[in-house]
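S.K.: I'll drop the sequence and a predicted model, then ask my questions.
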Amino acid sequence: WSSDVCSSDLADGSVLGTGVNPIYDTISFEADTSLTGITAVLLEVLPDPSLPKNGPGRWGQTGNFILDEFALMARPASGGSPATNVFFAGATADWEQQYYRADHAVDRNPKTGWAIGPRFGQRHFLIADLQSPAGYPGGTRLQFKFEHYHGNSHAIGRFRVSVTTEKDPLRRWSVSPEVA
């Protein structure tokens, strides 16, 4: 998060943003994995009683968020090589607000984004498919970035991220048939 925002790592593997709620925000974090051949990323946005209207976003009026850009970079965990961009082929979600589709979070256009109105205070997810499998033998450091450009403090408040090597979209994570 930006320098004035604090975060808490929760027991379920999720992260909760607290403190200052900036007008615009960028959330950046890293994670190491031993997986190679990563095919997709699961972003879960989670409700929390500390967030406005239980979230999962930090916007005070409804608990919504707008994820304008979701970016991923990867490099060998051992270091020595710079991180390279990992490109997404597309994205799906369990719910999309009108005009704010899941694909907009990975389209590299800062004027579009994914949002979940009017279904606030609930768990939602976005699955981003990689254009090409990612990961390095010996381990990979993944660098995630969530950009929130729309203003009015529309940042994600609580989230959890997972990756998979499963190639079959119907077998990756338990999702409803409408999303898969």
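M.R.: Good, I have the coordinates. Just so you know, these numbers come straight off a predicted model, no measurement behind them.

S.K.: For this structure, which residues score under the pLDDT cut-off?
M.R.: Along the chain, segments meeting pLDDT under 70 span 1-4, 174-180.

S.K.: Helix, strand, or coil at the residue nearest the centre of it?
M.R.: Centroid check for the chain by CA atoms, centre = their mean gives L43 as the closest residue, at 4.3 Å. Recorded secondary structure, L43: strand (DSSP: H, G, I helix; E, B strand; the rest coil).

S.K.: The spatially closest residue to it that is not a sequence neighbour - how many residues pack around it?
M.R.: Spatial nearest neighbour of L43, chain neighbours left out: L126 (4.6 Å); criterion: CB to CB, 6 or more residues apart in numbering. C-beta: built from backbone N, CA, C; applies to glycine. Residues within reach of L126, counting by other CB atoms under 10 Å, total 25.

S.K.: sorry, back to before: now do the same contact list for the residue nearest to the centre of the chain.
M.R.: L67, F70, F125, L126, I127, A128, F159, R160, V161 (CB atoms under 8 Å, 6 or more residues apart in numbering).

S.K.: any idea how far P56 is from it?
M.R.: To P56, L43 is 11 Å away according to CB to CB, to the nearest Å.

S.K.: hey, what's in contact with both of those two?
M.R.: Joint contacts of L43 and P56 (CB under 8 Å, 6+ apart) are F159.

S.K.: partners of the residue nearest to L43 in the sheet?
M.R.: L43, A93 (DSSP bridges).

S.K.: Adding distance to G79, write the contacts of L43 out as a markdown table.
M.R.: Shown next, in a markdown table, are the contacts of L43 (distance: CB to CB, whole Å):
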| residue | distance to G79 |
| --- | --- |
| L67 | 29 |
| F70 | 25 |
| F125 | 32 |
| L126 | 30 |
| I127 | 30 |
| A128 | 26 |
| F159 | 27 |
| R160 | 26 |
| V161 | 22 |
